[in-house]
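Enquirer: Quick one, what's the 3D model for this:
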Amino acid sequence: MAYQMIHSCIRVMDLEKSEKFYQEALGFEVFRRKKFPEYKFELSYLRSSGSDFELELTWNYDQTAPYELGNGYSHLAVGVADLEASHKQHVEMGLEPKPLKGLPGQGARFYFLTDPDGYLVEVVKV
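Expert: Numbers count the residues shown, from 1 in each chain. The predicted structure is shown next:
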């Protein structure tokens with residue numbers, strides 16, 4: 001039986017701020033939104049160009065304290081051809097990306113950004 005990746009979901013405190021981060025920092029586009037005011041939550045699905053995989057942002061209206069990320073969540077990963085140019089752009093945007101890194105014995109292959117809710121996004125050279 002074959003399975004296909006569909007989406008990954010994260011909970012956010014400010015839906016518009018999170019959408020803006022993923023749109024401006026990574027070029028994602030809001031693909032669709034679902035509002036459930038009677039249940040006090042909203043869903044926003046974002047996609048990157050050329051991909052059907054979605055990042056689902058869940059905004060619960062009544063959440064007042066930041067979510068606890070725990071020690072099980074690690075990161076979301078996105079790929080980019082020009083890692084150095086991407087890193088420079090994120091520096092210029094004031095997003096404070098972590099330094100370029102590589103696995104032992106390799107050159108620079110990735111770096112990390114932190115979104116408005118503290119989730120890590122790994123930017124990987126493809």
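Enquirer: State the pLDDT value of residue 54.
Expert: With respect to pLDDT, residue 54 has a value of 96.
Enquirer: ok, residues contacting stretch 48-57?
Expert: Under the contact criterion C-beta atoms under 8 Å, 6 or more residues apart in numbering, stretch 48-57 has outside partners 5-12, 15, 18-19, 22, 26-29, 31, 43-47, 76, 78. Heads up, the C-betas are built off the backbone N, CA and C, glycines and all.
Enquirer: With stretch 62-71 instead?
Expert: Contact partners of stretch 62-71, identified using C-beta under 8 Å, 6+ apart, comprise 11, 13, 40, 117, 118, 119.
Enquirer: Please flag which of the contacts of stretch 48-57 sit within strands.
Expert: Using DSSP state E, 7-12, 29, 31, 43-47, 76, 78 are the members of these that sit in strands.
Enquirer: can you list the domain ranges for the protein.
Expert: Residue ranges for each domain of the chain read 1-64, 74-126, as given by automatic domain parsing.
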